[in-house]
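Trainee: A predicted structure for the sequence below; I have some questions about it.
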Amino acid sequence: MEKLQEGAGKANNYKVKVTKNGPYLVSGGVPLSEQSICVDTDGQCHGWKEGEKYPAQENYALCRCGHSSNKPFCDGTHAKIRFDGTEVATHSPYLEQASEIDGPGLKLTDAEDFCAAARFCHRAGGTWKLTKESNNPDARQKAIEEACDCPSGRLVVWDKDGKVIEPDFEPSIGLVEDTQAGKMGPIWVRGGIPIESADGTTYEIRNRVTLCRCGKSSNKPFCDGSHLK
């Protein structure tokens, strides 16, 4: 299978810097908007809707502790509450972390530690089941839709020739709004924007990942679904 760096060439000078026990520093004029999880008539998460677009800024700081009074931006509260933002996520490539399901029409890779609990994978029996039934055109299409809607990139589908099937994102950041759960979700980094650790190393560049913005994740800086707990 090919490497997962789709969209990396688009990111130009964009960057997200994780600061020690502080905010995410975003540079390069990365577009910022709200992104809401849509729900279908069966109550299943299905698709995205763009909401408020924030005015363009060359540089800005996004809250990482979850306690800012100026969300989504940092207001310095992390220092007052002595936020512990220690990064614990591995720098190992996605494919080294992922398990595989080999279906008749698709392959699915699954790195569970990245799960942001967005629930797109539940529809129509679930992405795993649909992958196993991917000789059926409808099941194949639904498996692709569900994996591509997964904001964290936990789930990725591949065709039988080993080519990754990924949504085409321009470099941008989305603030996930989970209206069904009534919660603010993670920070959705899209289009191959580099994420630099506080120690100066760069995580694997990927087309889509989600960063914690509630301050509770056990896989910092990445979201692990703790905002729903």
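Mentor: Received the coordinates, thanks.

Trainee: quick one: low-confidence parts of the protein?
Mentor: 1-11 (pLDDT under 70).

Trainee: Which stretches in it count as strands?
Mentor: Secondary structure of the chain (DSSP state E): strands at 15-18, 24-27, 32-39, 45-53, 59-62, 99-102, 107-110, 155-158, 164-165, 172-178, 183-190, 195-196, 208-211.

Trainee: To residue 228, which of the ones you listed lies closest?
Mentor: Set against residue 228 and scored by C-beta to C-beta, those come closest in strand 183-190, at 5.9 Å. C-beta: built from backbone N, CA, C; applies to glycine.

Trainee: What's the local residue count around residue 91?
Mentor: Applying other C-beta atoms under 10 Å, we find 10 residues neighbouring residue 91.

Trainee: Residue 196: neighbouring residues, count only.
Mentor: Residue 196 has 17 neighbouring residues, counting by other C-beta under 10 Å.

Trainee: In a markdown table: the strands of the chain, plus distance to residue 221.
Mentor: Below are these laid out as a markdown table (distance: least, C-beta to C-beta, whole Å):
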| stretch | distance to residue 221 |
| --- | --- |
| strand 15-18 | 5 |
| strand 24-27 | 8 |
| strand 32-39 | 17 |
| strand 45-53 | 22 |
| strand 59-62 | 11 |
| strand 99-102 | 23 |
| strand 107-110 | 21 |
| strand 155-158 | 20 |
| strand 164-165 | 23 |
| strand 172-178 | 13 |
| strand 183-190 | 9 |
| strand 195-196 | 7 |
| strand 208-211 | 5 |
